[in-house]
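# Generate coordinates for the sequence data below:
(one chain, ligands or ions: 1)
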Amino acid sequence: MPDCLASLEARRAGILRAIGGLGDLRAGSITSTGGRCGNPGCHCHRPGDPGHGPYYRLTRKVKGKTVTETFATEVERRKAQGEVDEYHRFQQLARQLVAVSEQICRLRPVQPSWSPEEKDGGRGPVTSLDHQCMRAGASERRSK
Ligand SMILES: [Zn+2]
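All right, here's what the predicted structure looks like:
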């Protein structure tokens, strides 16, 4: 079925409401580690031993570097898991928001007051809008 502008806008409003209803969220992902350690005399190397852990840690990227956080208790771990899940919901909603908004952008009619030069990328004669921008303090100078 073809989407009209009104139904797309309604969907976007629903996504924004869902984003507004999100709880505490944090970036990253939680992975578990454990198993056998490096000490061959340790119990974990005996047959049938479940090994160590599992230990959980949260990793996330901060300015390109991976930051790791460990949890002292199971309660802490579960709290963090909920926050990370919420973050993933946020990411999903954000992707949906962009997708719906892009459709809206395509369907939204061009305002009749816009000049054809602006539609071609604004390389035409200087318009009243450009004058406003320059008055607002744009430092860029336009060569004629
Ligand atoms: Zn061990």
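# So which residues of the chain form strands?
29-35, 52-62, 65-70 (DSSP state E).
# Distance to the ion and mean neighbour count for these - can I get that in a markdown table?
For every residue, glycine as well, the C-beta is placed using N, CA and C. Formatted as a markdown table, the strands of the chain follow (distance: least, C-beta to the ion, whole Å; neighbours: other C-beta atoms under 10 Å):
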| stretch | distance to the ion | mean neighbour count |
| --- | --- | --- |
| strand 29-35 | 9 | 13 |
| strand 52-62 | 5 | 14 |
| strand 65-70 | 18 | 10 |
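# Mind putting those strands into a markdown table with mean pLDDT and distance to Tyr87?
Listed next are the strands of the chain as a markdown table, based on pLDDT from 0 to 100; distance: least, C-beta to C-beta, whole Å:
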| stretch | mean pLDDT | distance to Tyr87 |
| --- | --- | --- |
| strand 29-35 | 88 | 9 |
| strand 52-62 | 90 | 9 |
| strand 65-70 | 93 | 14 |
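# so which of these comes closest to Arg77?
Within those, the stretch nearest Arg77 is strand 52-62; the backing value is 4.8 Å (C-beta to C-beta).
# angle of that closest one against strand 65-70?
Interaxial angle of strand 52-62 relative to strand 65-70 (axes from the mean of the first three to the mean of the last three C-alpha atoms, to 10 degrees): 140 degrees.
# got a list of contacts for strand 52-62?
For strand 52-62, contacts defined as C-beta atoms under 8 Å, 6 or more residues apart in numbering pick out 26-37, 44, 66-71, 77, 80, 84.
# and what of stretch 13-32?
Stretch 13-32 is contacted by residues 53-61, 69, 77, 80-84, 86-87, 89-90, 93-94, 96-97, 100 when judged by C-beta under 8 Å, 6+ apart.
# And it, end to end?
37 Å (C-alpha to C-alpha, to the nearest Å).
# How about the residues of this protein by the ion?
37, 42, 44 (C-beta under 5 Å from the ion).
# try 6 Å
Proximity of the chain to the ion (C-beta under 6 Å from the ion) is limited to residues 37, 39, 42, 44, 52.
# export the strands of the chain to TSV and tack on distance to Asp3?
Formatted as TSV, those follow (distance: least, C-beta to C-beta, whole Å):
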stretch	distance to Asp3
strand 29-35	34
strand 52-62	35
strand 65-70	40
